[in-house]
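In: 3D, please:
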Amino acid sequence: MDETQLVLAVDLGTSGCKCALVALDGSVHAWAFRPVPLHVQGALAEQSPQAWWDAFLHSAGEILGADAALRRRVAAVCCSSQTEGTVCVDRDGQALGNALTWLDARGAAAIARRVRGRSLNIEGYAPLRLWRWLRLTGGAPSLSGRDSAGHMAYLHDEEPARYARTHKFLNVLDYLNLRLSGRFCATQDSAVTSWITDNRNPHRVRYDAGLIRLLGLDAAKLPDIVHSTDVLGPLLPPVAQALGLSPHTVVVAGAVDTSAVAVGAAVADFETHLYLGTSSWLGAHVPFMKTDVRHKIAAIPSAVDGRYLAMALQSTAGANLSFLRDRILYHPDELASDEEHPAVYEVLNRIAARVPPGARGLIYTPWLLGERTPVDDPRLRAGLLNLSLEHTREDIFRAFLEGVALNTRWMLEPFARLLGRDAGAINAVGGGAQSDVWCQIMADVTGQPVRQLENPIQTNAIGATFIAGVGLGACTFADLAHRRRTRAVYEPSRALRRLYGDQFETFKEVRTRLAPLYHRINAPDRAQGAAA
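Out: Numbering: from 1, shown residues only. Here you go, the predicted structure:
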């Protein structure tokens, strides 16, 4: 391995774009971040593809422009990105309007028309259709309409003019790769949530004509599928020139954020990680394709050839903190910064540490945009229960952290059953894993040791770098376990087991009791009537 080589690793999340210069051993030499706005209105949740690209150019330009010697060492560019986003592009690669993000639920009705039967349905799906999706893909289109399948169905039904003009439907990663290399392609993992691929052979994921017909899509509008470690070609000359990189710098296909994080956090089979970002998820590589339909957990193709990635997804995690800051507690003080920034977590440590475990009886349910796992229920909503005059905003802050941890414990139960074993120590990564207090809360609430990795906010970029290293032939996936660096390990407190056990039972009871109310309040016909 050439120890002098660097990778320009790109991590495009919902909050913005991080770029890092990372050595092939995983050490980070420089990084920068630029925010990207998210436009939300009802079920609509969009971002501008051009804003993504501008954020990439500015963050990459900041770290590359500072040191010509570092620029000369860059051998590859490799991206990780938010997933389940959809960009329509024309034949020239120009984006047709804004991208639908993973939070955009406008496709719910269109998906319902495609997956439901006329009479008998299983959790909203016609039995034979559901069996076919599960057998071939390991999953099925989400009834929330928030995945790529829902987006494409929505565009077909509700925006026929844009659908007709679309040359290719691209996921977020695919769009970045198009701008970098000029190639219209998708990776094995970025194509998954279109739910039109046959995933039974993890070495060769391919489109299935029957599934494409079920969604009513035009197969010609789908990009070719490549492996995450494939070299797509050299950087386009204008891009190389703009960044000051060699024209021989190559683009490696990369992976969506969940896959890249998994490569950066834990490659060995069954080794579990927890990502704490705007959303959060539990993940582990496994040697089999398996689905828990009831709890919406599936093992789907990953960036590691021959392995699947078992995933349990929570819709909002760190987003609860930014919501609390910006919508409820905001004023120009020490909290008024980006939730991903390390300084914010230093403040978080100080504030939350002042509050006893249990947040003085407060219970927070972190379902700002419904939930995905272990129930796929877009009508659930966040709530703060048992608030009294004795509580302060510090108590509320800790309750938010504990609420996300309780939801993680809720996901962990069916996730461990899918793995067929105890999850063991959990590797914590993402922006939220910078918080010592939150890591300890996670350990205490879940009852599992939590291993806080070094540079947890940069795990996406480190994972993208490792993928690039495999693509360049500089290492193998088997080499990566020895390159992980641990900052601290948090053991669960035996003294708090009963407290958090009781709180967890209350948390689940809140969902059971309030779900019917949320379903009535947030029924589509009621929402439309209120809007009118």
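
In: okay, S302: pLDDT?
Out: pLDDT recorded at S302 is 95.

In: neighbours of the spatially closest residue to it that is not a sequence neighbour, how many?
Out: In space, and not counting its chain neighbours, S302 is closest to L309: 3.7 Å by Cβ to Cβ, 6 or more residues apart in numbering. All C-beta spots, glycine's among them, are computed from the backbone N, C-alpha and C. Here the number of neighbours of L309 (other Cβ atoms under 10 Å) works out to 26.

In: one more: the one 4 residues further on?
Out: As a burial measure, L313 scores 24 neighbours (other Cβ under 10 Å).

In: can you confirm it is in a strand?
Out: Yes - L313 forms part of a strand when assessed by DSSP: H, G, I helix; E, B strand; the rest coil.

In: that one is in contact with T373, isn't it?
Out: Yes - at 5.3 Å, L313 counts as touching T373 under the criterion of Cβ atoms under 8 Å.

In: quickly list what's touching both of the two.
Out: Common neighbours of L313 and T373 (criterion: Cβ atoms under 8 Å, 6 or more residues apart in numbering): K296.

In: was I right about the residue nearest to S302 contacting H285?
Out: Yes - counting by Cβ under 8 Å, L309 sits close enough to H285 to count as a contact (5.9 Å).

In: how near is the residue nearest to S302 to G420?
Out: Separation of L309 from G420 (Cβ to Cβ, to the nearest Å): 16 Å.

In: got a list of what A110 touches?
Out: Applying Cβ under 8 Å, 6+ apart, one finds that A110 lies in contact with G145, G150, A153, Y154, H156, D157, E158.

In: identify the contacts common to L309 and H285.
Out: In contact with both L309 and H285: A262, S302, using Cβ under 8 Å, 6+ apart.

In: thinking again about what came up before, any chance of a PyMOL selection covering the buried ones in the contacts of A110?
Out: Buried subset of the contacts of A110, written as a PyMOL selection, criterion 16 or more other Cβ atoms under 10 Å:
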select buried, resi 145+150+153+154+156+157
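
In: closest to Q503 among the contacts of A110?
Out: G145 (32.6 Å; Cβ to Cβ).

In: with G424 as the reference, measure out to the closest one.
Out: 35 Å.

In: ok, now T101?
Out: Per Cβ to Cβ, T101 is found 33 Å from G424.

In: lowest average confidence, helix or strand, in this structure?
Out: Lowest by mean pLDDT, DSSP states H and E among the helices and strands of the chain is helix 524-531, with a mean of 54.

In: H285: what secondary structure?
Out: On the three-state scheme (three-state DSSP), H285 is labelled strand.

In: what residue ranges in this structure score low on pLDDT?
Out: Applying pLDDT under 70 to the chain flags the ranges 1-3, 315, 325-345, 525-532.

In: and G233, how many neighbours does it have?
Out: A count of nearby residues for G233, using other Cβ under 10 Å, gives 13.

In: distance from the strand or helix carrying it to the middle of the chain?
Out: Per DSSP states H and E: G233 is located in strand 231-234. How far strand 231-234 lies from its chain's middle: 25 Å, per Cα atoms, centre = their mean, to the nearest Å.

In: in the next helix or strand after that strand, what's buried?
Out: Per DSSP H and E, the first helix or strand lying C-terminal to strand 231-234 is helix 237-243. For helix 237-243, burial by neighbour count (16+ other Cβ under 10 Å) applies to V239, A240, L243.

In: what residues does helix 237-243 touch?
Out: With Cβ under 8 Å, 6+ apart as the test, helix 237-243 has contacts from 8, 57, 60-61, 64, 71, 179-180, 234-235, 246-247, 249.

In: do stretch 213-225 as well
Out: With contacts defined as Cβ under 8 Å, 6+ apart, stretch 213-225 is touched by 114, 129, 132, 141, 149, 152-153, 156, 166-170, 174, 184-188, 191, 194-197, 205-207, 209, 212.

In: what about A9, distance to A69?
Out: Look at A9 and A69: by Cβ to Cβ, they are 18 Å apart.

In: more neighbours: which of the two?
Out: A9 (32 against 6).

In: surely that one forms part of a strand?
Out: Yes - the assignment for A9 by three-state DSSP puts it in a strand.

In: distance between the lengthiest helix in the chain and the chain's centre?
Out: Determined from DSSP state H, the single longest helix within the chain is helix 393-419. Taking Cα atoms, centre = their mean, one finds helix 393-419 lying 17 Å from the centre of the chain it belongs to.

In: need the next SSE after it, C-terminal direction.
Out: Note on helix 393-419: by DSSP H and E, the next helix or strand toward the C-terminus is strand 426-429.

In: which strands border that following strand, and is each parallel or antiparallel?
Out: Its sheet considered, strand 426-429 pairs with strand 273-276 (parallel), strand 450-453 (parallel) by DSSP bridges.

In: residues near T137, how many?
Out: Neighbours of T137 (other Cβ under 10 Å): 27.

In: that one and P49, how far apart?
Out: Separation of T137 from P49 (Cβ to Cβ): 26 Å.

In: also T258?
Out: Noted for T258: a distance of 20 Å to P49, by Cβ to Cβ.

In: same deal with P37?
Out: 12 Å.

In: quick one on the thing from earlier: now, which of the contacts of helix 237-243 lie within helices?
Out: Among these, the ones falling in helices (DSSP H) are L57, A60, G61, L64, R71, R179, L180.

In: Serialize the residues you listed to CSV and add fields for distance to W31 and neighbour count.
Out: Output for the ones in helices among the contacts of helix 237-243, formatted as CSV (distance: Cβ to Cβ, whole Å; neighbours: other Cβ atoms under 10 Å):
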residue, distance to W31, neighbour count
L57, 15, 17
A60, 10, 27
G61, 13, 16
L64, 11, 21
R71, 15, 19
R179, 20, 21
L180, 18, 27
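
In: farthest pair within those residues?
Out: Largest pairwise distance in the ones in helices among the contacts of helix 237-243, by Cβ to Cβ, is 19.4 Å, between R71 and R179.

In: what about the residue nearest to V267 when sequence neighbours are not counted, distance to V7?
Out: In space, and not counting its chain neighbours, V267 is closest to L480: 4.8 Å by Cβ to Cβ, 6+ apart. Distance of L480 to V7, computed by Cβ to Cβ: 14 Å.

In: neighbour-wise, which of those two wins?
Out: Using other Cβ under 10 Å, the more surrounded residue of L480 and V7 is V7, with 29 against 23.

In: ok, that one - contacts?
Out: 21-24, 74-78, 464-465, 468-469.

In: make CSV out of the residues you listed and add secondary structure, neighbour count and distance to D377.
Out: Listed next are the contacts of V7 as CSV, based on DSSP: H, G, I helix; E, B strand; the rest coil; neighbours: other Cβ atoms under 10 Å; distance: Cβ to Cβ, whole Å:
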residue, secondary structure, neighbour count, distance to D377
L21, strand, 25, 42
V22, strand, 28, 38
A23, strand, 19, 43
L24, coil, 24, 43
V74, strand, 21, 45
A75, strand, 21, 46
A76, strand, 26, 41
V77, strand, 30, 39
C78, strand, 32, 36
A464, helix, 35, 32
T465, helix, 33, 37
A468, helix, 31, 38
G469, helix, 30, 40
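
In: show me where the stretch 251-400 of the chain has helices.
Out: Secondary structure of the stretch 251-400 of the chain (DSSP state H, counting those that start in this stretch): helices located at 257-265, 318-323, 342-353, 393-419.

In: which parts of the longest one are buried?
Out: Taking 16+ other Cβ under 10 Å as the neighbour-count basis, helix 393-419 is seen to contain the buried residues 394-412, 414-416, 418-419.
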